[in-house]
Every structure is written in structure tokens, then in C-alpha cells.
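Asker: Generate a structure from the sequence data that follows.
(one chain, ligands or ions: 3)
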Amino acid sequence: MALAHNLGFPRIGAQRQLKQALEGFWRGDISSTELQQTGAALRTQHWQWQQQAGLDFVPVGDFAWYDHVLQLAQTFGAVPARHASIDEPLTQLFAMARGASACCGGNSAALEMTKWFDTNYHYLVPELEREQSFELQLSPLVAQVDEARSQGFSAKPVIVGPISFLWLSKCAGQEFDRLELLPRLLQAYGQLVEQLNERQCDWIQFDEPVLSLDLPPSWLAALVESYQYLSDLVAGNILLANYFGGLADKLTWLQQTGVDGLHIDAVRAADEVQQVAIQWPADKVLSIGVIDGRNVWRADLSSLLTTLSPLHEQRGDKLWIAPSCSLLHVPVDSDVELQLDDELRGWLAFARQKLSEVVALTRALNGCQSFTDRALFTDSDQVQRQRAHSSRVVNLAVRQRCHSVLPEHHERQSQFAQRQQIQASALQLPPLPTTTIGSFPQTAAIRQNRAALKAGTLSQAEYDSFIEAEIADVIKRQQQLDLDVLVHGEPERNDMVEYFGEHLQGVAVSQYGWVQSYGSRCVKPPLVYGDVARAQAMTVRWSQYAQSLTDKPVKGMLTGPVTLLNWSFIRSDLPRSDVAQQLALAVRDEVADLERAGIQIIQIDEPALREGLPLRQQDQQDYLQWAVDAFRLSANGVADSTQIHTHMCYCEFDDVIESIAALDADVISIEASRSDMTLLNSFIDFNYPNAIGLGLYDIHSPNVPEVAVMAADLQRAKQIFPTAQIWVNPDCGLKTRGWPETEAALANMVAAAKQSRAELATA
Ligand SMILES: Nc1nc2c(c(=O)[nH]1)N[C@@H](CNc1ccc(C(=O)N[C@@H](CCC(=O)N[C@@H](CCC(=O)N[C@@H](CCC(=O)O)C(=O)O)C(=O)O)C(=O)O)cc1)CN2
Ligand code: MET
Ligand SMILES: [Zn+2]
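Answerer: Ligands and ions are numbered 1, 2, ... in the order given. Modelled structure (predicted):
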């Protein structure tokens, strides 16, 4: 009998209960007891759903208040000195996640947040000292195992394994080889394992997604050593879980680990399944992640059954069926999406539906299908046929246009040096021009108005005039701040990707399809189900209105094709590069309309360009090639006098700097402040040719940066780059901030720029 299991369930809640509870707790509206109750209720609900779906085990340990890597760091006492004096565990955890103000242990910054592999989920980066000690502190995992068992669930603890934990951490202070810490870290894992042993868990799942990366041999040797050690300690069995890519290149290492089971991502690495099935010993469990945990389309169950049947014949009960990865990256329930038409809704499988697919497949293999399992197969067959022939999927005009894209559509008319001169005389900006990244605070009033529009209690006309009033307000405030290049503030956008999803053909948006991005913040990724086209202008009206209110240039503001792609759920029947090209053409049309409407500066944001970089080096060049092409296709249809900006944040630039230069944007604004300007090194080393907007302050914190600090950073920048190349801006949009700190910070930023300009004049 094959077994059905799951690697992890979305923790945020079908109605984002965790978000509301967390934000309520941070505001002081609810007590920690109430927060704990919400967490417990969510866990129970999620276990119930999973058990009812028919899984043989439920995952325990996938829940976290903020992030599971953070939770594990705290579990092992890997707490930076600046947070160590905070006694109360939850207070300490949130201080590590969000920084602590004077109220609890001084003004201590949060841990760095970064992307979880190639997802839009962010984890907090543990900071490890060379002398770091690890010791099992209070373990929420152990408590939750007790909780699940007391409620009658068959619990499979899941935990990030030691190699991934170390790889994803960073050195506090000076660099050292983090593997030096492994023996101490393993002891802490050992302490945890002992507690789990007492609870007689049959299986413990250790997640090692770093197996999907190109790992140096020293790390692979450390992996073998770690799991040999843990296998001896664990009374039950170890399932070593990899996801987001393949691991066939590491099989000989994995065979030496002594673990009892291996989970592979059979979606991302479908081509490896046969090889792994042959090489992975038949007396060990092989868990095959066939249901896509990174996308939302219903699986082709019949074809999966055909692939899996021979494996089941070979392995019998040593075959497990699962989603490819944790379901953290998909929304909870597609059945509640009643605003989507039946056909489209029928194409979707969110977390709950995916579990039914896992179970239906497993039961079909085991020859014990229920009536509903059979119905699921019939539906699945029908959906595959529908999607293959549906007129809403193929748009011939789009296909033709894609075929007729020519190389010159990717090119500007002139080189940057010429454009720079033309633009300088057209725009007449001062040296070190100041600007912002696009969004201004998304106030409660803005969201309430949008909610009222959706609820039908506010008319479109009322909503539109509300948005105009907001735009007028941000234009006025920017003029008072004396910024040089203004923005309209993006008040009309719920999210920079979802908004375009709402306006593009071939794309649908869900009502409740929230996915955790970081902490309490969620996104609702659009669903790209068909060929993408732009029916009418999406942003021109707002930019034009904003420009009508001022003589200063107002930047048009668009999300770029690569970011639209990477932050959406994309159809699985076309290569990603083709979808990127369709999106690029849609954005290109919008750029053209903005230019025609008199907008002289257009920013095309690409914060997710780096995120989409394939995990293996061998796949990266191809991606960068088509991603850069997509951006250039979207941007380069303009006259030389139109200035193209782009923006990237959260970026390790080193490995993609050539591609960033190849975008050939006239101005790029980047994050620099949080890394203490070290991000600039890649731009310096590369001799980056175009203009750069320095993210002079971190918008993720409510702290108001001092003029002197920003002026000093500008001073450093002037020593590195020609002044004509430097712009001055915050490091990302201001939508998550409040007005008071926004205005105070921007006032200081403008003051720093003016001070720096005055120095130029006297130099
Ligand atoms: N897609 C995407 N990915 C990204 C980013 C991004 O901006 N977008 N930025 C980076 C960081 N990630 C972020 C992700 C989310 C948010 C964020 O602020 N999300 C908001 C939701 C934004 C949104 O869609 N808001 C809706 C409101 C949805 C809502 O909660 N409505 C209320 C009612 C309105 C109210 O009273 O608030 C309800 O349904 O109950 C709107 O503005 O219309 C949140 O979680 O709170 C910020 C950064 C990386 N990835
Ligand atoms: C995550 S990048 C955000 C860019 C967008 N223009 C904003 O200002 O919010
Ligand atoms: Zn940004």
C-alpha cells in the first residue's frame, strides 16, 4: 500500500486569520493568549482538513508565527546578542523578526529577510557567531507534536535540516566557514530528536531543499556525516525531503546518509524520477512529489497514475505520494472562489484540492478508489481536454504578434550616452535628482474605499474620484517636500502585480487566494491561464491626472514582464519565456500610451528578476537571456527623450549584474541602505554604465534616517560614480509605511541631496 502524505500546509489561514491575529497583537488589540488560541485553532483546522482528505500522516512543525527558519533559530538558541536579553519568547521572536523599539530591550534591528529559494516567500536569516552555541530552548515543535497527538492525529514532525539551516544562515561579523558550527548544531538537533523519540514518532521529515542547489563537496560530506549521526539517534525513521529542483547528481552521497526515506520533487525534476527510482534502494521509502506545490492547476491524474504504477509495482508500500513541496506557496481552497466562472474554477487546485489529488492517486495505486476518487479522475481528464481546446486559452492575435517580434523591437534608438544628453535637456533636472520608488502609504482609508467598491457600496465613479483626491494629495505633499521627479503614489493598486492581473486579458484574479509573502504580509498572485493581451490602457488615466497637477515630471509606474511572470501563477502549457514575451508586449503597449499621453519618465519595476533565476547555474544563462529580452521588449519602444527607469530591491546583484546592465534602463534604483552600501560593489566592479538611484534609506523600518547619515552615503557614492550618474531615492516603495515617518524621512533625504548639491557647487 502506497502512503499519502504532505510536506506542509499554508499557515496563514483560509481567511488570513493568522495575519489578523498577528497584526492585532502587534497593535495591542489582542492578548498573547488570544494570539495563541488563534494559532492553535488554525493548526487543528489544518490537521483536520488533511486527515479528512485521507492523508496517512499530517505534518507538524509547518506552523510558525512569522517564519519557520526564524522559529528554528530561536528553538536552538541562535539568537543575536541584541535580542538575547528579551526573556519572553514571543516578544523575543517578534523582536528578531521586526526589530525592537526602546520598549523591549533597546533599539535592536531585525534579522535580515531574504527570499526562500526562487519563491516569493521570505525567511529570516539566522545570524551565527563563530563561537555560536546551540542549545534546545523551548521547542514549539515538541509542544505541537503533543498537541496533534492529543487530538488524535498521526503526526509527522517536519523540520528544516541542519545543512539547509547552516547554508541559509549568515556569519555575524567576520566571515568564517559555517560548517565549523556543525558539530555543535547537530547536538542541538540531537536534543530535539530525543524529545521526539520520547513521543514515539514513526517518521521525522528533515527538509534539505539546498539539495536542489549546486553544493560544494564539503557541504555534501557534511550532509552525509549529519544524517549518519541523526539516523543513529532517531528511534523511528528519517525522511529526507528535497524540493524546488533535482538531486540526482547527489545520489551517491545520499545513499551513504543512512536515512530511511527520500522525498523528491517530481514536478521540477520530472526527468530524474526514473533514475532516482532505480538508484534509491528498494527497501527504503521513496516519496514522489508529483502534485505541484508551486502552482495552482489541477493535475493530470490519469497520466500521473500511468507514470507511478510501475514504481508502485516495484516498491509497494515503500512508495509515498505527496505534493512536490510544502503547500506554503499556494492558497488554501479553490472551491470558495465563486467569482470565477465554473470552467476556470474547475481548472484550479489550491492546497485542499491538491491533498485530494494526492489521496486519489494513492488510492488508485492501491486499488481502493472510492466513488469520489473516481470522480476526481474523470474530472481531471475532462479538465485536461478542456484546457487543451479552450478558446479562452489561445488568442491568435497574440500568437501572431509574438511571431512577428523582431530583434530591433528590443533596441533603443540611440546609445545611453546620447539618450542621456537628450533627456538632460528635455527634463532640466538638478544634479543628484530626488525621487521615490512609486507607492505612497496605502492608508486604511484607501483600502476601505477599495473594499467598499468591491462590496458594491461605493460606485466606480465615487471610487475614481476618491483615487484622484489621493493622487492630488500625494502630488501636493511631494511638491512641499521639493522632490524633483514625482510619482502618482499608486493608490489605485491593491498590489503592483495583482492590479495588472485584474486588467489583463488571459489573466484572472482570485478573491481569497492569499499566499504568505513574509510575516503577516500576503499576496494574491494572479492566475495566468491563457494568452495575455492588454485590452485598454491600465495606468494612463492616473499618471496623466497626476501630471496635470504639476510642472515637475511625474514618473509613469509599471510592473515589468519578468516580475509579473514570477509573482503570478503561470499556465503550465507554455514555456515561461513565451508567457514573459506576451506580458512584455502588453507592458510595451502601456509604455507607448504613457509616452503618447506626455509622460516623459516611465519606471518599469523588476524586483523579481533575480528571484526567478534558476537554482542551478547550468540553467541560469538561458533564463537571463529571455528575461532581459522581455524587459527590453517592454521598455525600448520609446523615443530617446523618454527616460526609462527600473527598480530592484532585495537583490544579490553580483551574479546578475551583466544582465542588469543589459536591461539598458536609463536609471536603475536599487536597494543599498540595508547592506550598508555594499551592494554597490557589484556596480562598481562592473563599471555600471547608466544612472543609478541609490536606495538611501530602508523603507522596511519606521525609523527616520538622519540627514547626516544620508549625506555621508551620498558623499561616498560621489567618490565612486560620476555625479551625473547618481539619483537619490528610498530603497523601495512606501506603501507599507505611515505618513508621518514617510514625510519626515523624505524631508531628510531631500535635505541630504541639497546639502550634497551645495558641496558640488562650491567644489
Ligand atoms: N506581489 C508582490 N510581491 C512582493 C511585493 C509586492 O509588493 N507585491 N513586495 C515584496 C515584499 N512583499 C510584500 C508582500 C505583500 C505586501 C502587502 O502589503 N500586502 C498586503 C495586501 C495588499 C493588498 O492586496 N491589499 C488589498 C486589501 C486586501 C484586504 O486586506 N482587504 C481587507 C479590507 C480592507 C481593509 O480594511 O484593510 C479585507 O479583505 O478584509 C487592497 O489594498 O485592496 C497585506 O498583506 O496586508 C507587502 C510586501 C516582495 N514580494
Ligand atoms: C517591491 S518593489 C515595489 C515597487 C513599486 N513601484 C512600489 O513603489 O511599491
Ligand atoms: Zn522595491
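
Asker: And the residue of the stretch 201-350 of the chain closest to ligand 2?
Answerer: Proximity of the stretch 201-350 of the chain to ligand 2 (C-beta to the nearest ligand atom) peaks at residue 329, 18.0 Å away. C-beta coordinates here come from the backbone N, C-alpha and C atoms, glycine included.

Asker: And the next helix or strand past the lowest-mean-pLDDT helix or strand in the chain?
Answerer: Ranked by mean pLDDT, DSSP states H and E, the weakest helix or strand in the chain is helix 680-686, scoring a mean of 81. Where DSSP states H and E defines the elements, the next helix or strand beyond helix 680-686 is strand 691-695.

Asker: Pull the distance from that following strand to the chain's centre.
Answerer: Distance of strand 691-695 from the chain centroid (C-alpha atoms, centre = their mean, to the nearest Å) equals 23 Å.

Asker: The residue nearest the centre of the chain: helix or strand, and which one exactly?
Answerer: Nearest residue to the geometric centre of the chain (C-alpha atoms, centre = their mean): residue 120, 0.8 Å. Following DSSP H and E, one finds residue 120 outside all helices and strands.

Asker: residues touching it, list them.
Answerer: By C-beta atoms under 8 Å, 6 or more residues apart in numbering, the contact list for residue 120 reads 329, 515, 517, 523, 525, 566-567, 608, 611.

Asker: If we only consider those, which is nearest to ligand 2?
Answerer: Using C-beta to the nearest ligand atom, residue 608 comes nearest to ligand 2 of these, at 8.1 Å.

Asker: looking at this, the closest one is in a helix?
Answerer: No. If the criterion is DSSP: H, G, I helix; E, B strand; the rest coil, then residue 608 is coil and not within a helix.

Asker: just to revisit the earlier point, identify those among the contacts of residue 120 that sit within strands.
Answerer: By the criterion of DSSP state E, membership of those in strands covers 515, 517, 523.

Asker: Just among those residues, which is most surrounded?
Answerer: residue 515 (24 neighbours; other C-beta atoms under 10 Å).

Asker: Which pLDDT value goes with that residue?
Answerer: With respect to pLDDT, residue 515 scores 98.

Asker: For it, give the beta-bridge partners.
Answerer: In this entry, residue 515 is beta-bridged to residue 523, by DSSP bridges.

Asker: distance of it from ligand 1?
Answerer: Distance of residue 515 to ligand 1, given as C-beta to the nearest ligand atom, to the nearest Å: 9 Å.

Asker: Could you list the residues of the stretch 401-550 of the chain in contact with ligand 1?
Answerer: The stretch 401-550 of the chain has residues 442, 447-448, 450-451, 494-498, 517-518, 521-523 near ligand 1, with proximity defined as C-beta under 6 Å from any ligand atom.

Asker: among those residues, which two are most distant?
Answerer: Greatest spatial distance in those: 448 and 518, 23.7 Å, computed using C-beta to C-beta.

Asker: ok so, going back, these two touch, right, the residue of the stretch 201-350 of the chain closest to ligand 2 and residue 118?
Answerer: No. With contact defined as C-beta atoms under 8 Å, residue 329 and residue 118 do not form a contacting pair (10.4 Å).

Asker: Those two: which has the busier surroundings?
Answerer: Between residue 329 and residue 118, counting by other C-beta under 10 Å, residue 329 is the more crowded of the two (27 against 19).

Asker: That one and ligand 1: what is the separation?
Answerer: According to C-beta to the nearest ligand atom, residue 329 stands 12 Å off from ligand 1.

Asker: still on that earlier bit, residue 448 and residue 518: who's more crowded?
Answerer: More crowded of residue 448 and residue 518, by other C-beta under 10 Å: residue 518, with 20 against 12.

Asker: residues touching the more buried one, list them.
Answerer: So residue 518 contacts 66-67, 113, 121-122 (C-beta under 8 Å, 6+ apart).

Asker: is it true that residue 77 touches residue 129?
Answerer: No. Applying C-beta under 8 Å as the test, residue 77 and residue 129 come out as separate, 11.7 Å apart.

Asker: Can you say which helix or strand has residue 159 in it?
Answerer: strand 155-160.

Asker: before we move on, the earlier item: helices and strands around the least confident helix or strand of the chain, which ones?
Answerer: For helix 680-686, the elements it packs on are helix 657-663, strand 691-695, helix 707-720, judged by 3 or more C-beta pairs under 8 Å, 6 or more residues apart in numbering; DSSP states H and E.

Asker: let's see it at 7 Å
Answerer: helix 657-663 (3 or more C-beta pairs under 7 Å, 6 or more residues apart in numbering; DSSP states H and E).

Asker: from the middle of its chain, how far away would the helix it packs on be?
Answerer: Once both centres are worked out by C-alpha atoms, centre = their mean, helix 657-663 turns out to sit 22 Å from its chain's centre.

Asker: Contacts for that helix next, please.
Answerer: For helix 657-663, contacts defined as C-beta atoms under 7 Å, 6 or more residues apart in numbering pick out 624, 628, 631-632, 646, 653, 668, 682-683, 686, 688-689.

Asker: Would you mind writing the CA trace of whichever helix or strand comes after it as CSV?
Answerer: Using DSSP H and E, the next helix or strand after helix 657-663 towards the C-terminus is strand 667-671. The C-alpha trace of strand 667-671 is given here as CSV (Å, rounded to 0.1, in the frame of the first residue of the first chain):
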residue,chain,number,x,y,z
VAL,A,667,18.1,54.8,-14.5
ILE,A,668,18.0,51.9,-12.1
SER,A,669,17.1,52.3,-8.5
ILE,A,670,18.4,49.7,-6.2
GLU,A,671,18.4,48.8,-2.5
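
Asker: Say whether ligand 3 is contacted by strand 667-671.
Answerer: No. Strand 667-671 stays clear of ligand 3 (C-beta under 5 Å from the ion), getting no nearer than 7.1 Å.

Asker: who are the neighbours of that strand, in terms of helices and strands?
Answerer: Other helices and strands packing on strand 667-671, by 3+ C-beta pairs under 7 Å, 6+ apart, are strand 643-648, strand 691-695, strand 726-729.

Asker: The longest one pairs with which strands?
Answerer: Pointing back at strand 643-648 there. strand 601-605 (parallel), strand 667-671 (parallel).

Asker: Would you report which members of the contacts of residue 518 are assigned to strands?
Answerer: 113, 122.

Asker: tell me the least confident of the contacts of residue 518?
Answerer: Note: of these, the lowest pLDDT belongs to residue 113, at 90.

Asker: give the contact list for that residue.
Answerer: By C-beta under 7 Å, 6+ apart, the residues touching residue 113 are 122, 124, 518.

Asker: Just give me how far stretch 268-280 sits from the chain centre.
Answerer: Distance, centroid of stretch 268-280 to centroid of chain: 28 Å (C-alpha atoms, centre = their mean).

Asker: hang on, the earlier thing: with neighbour count added, can I get the contacts of helix 657-663 in CSV?
Answerer: Listed next are the contacts of helix 657-663 as CSV, based on neighbours: other C-beta atoms under 10 Å:
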residue, neighbour count
624, 21
628, 22
631, 29
632, 22
646, 27
653, 23
668, 24
682, 19
683, 23
686, 14
688, 19
689, 14
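
Asker: Among the residues you listed, which one lies nearest to ligand 2?
Answerer: residue 646 (10.1 Å).

Asker: ok, the nearest residue to that closest one once chain neighbours are set aside - how many residues close by?
Answerer: The shortest distance from residue 646 to any non-neighbouring residue, by C-beta to C-beta, 6 or more residues apart in numbering, is to residue 665 (4.1 Å). The number of residues packed near residue 665 is 29, by other C-beta under 10 Å.

Asker: how far away is the residue of the stretch 551-700 of the chain found nearest ligand 2 from ligand 1?
Answerer: At 4.0 Å from ligand 2, residue 607 is the closest residue in the stretch 551-700 of the chain, using C-beta to the nearest ligand atom. Residue 607 is 6 Å from ligand 1, where distance means C-beta to the nearest ligand atom.

Asker: before we move on, what about residue 227?
Answerer: Distance, residue 227 to ligand 1, using C-beta to the nearest ligand atom: 34 Å.

Asker: tell me which element that residue is part of?
Answerer: Here residue 227 sits within helix 217-233, counting by DSSP H and E.
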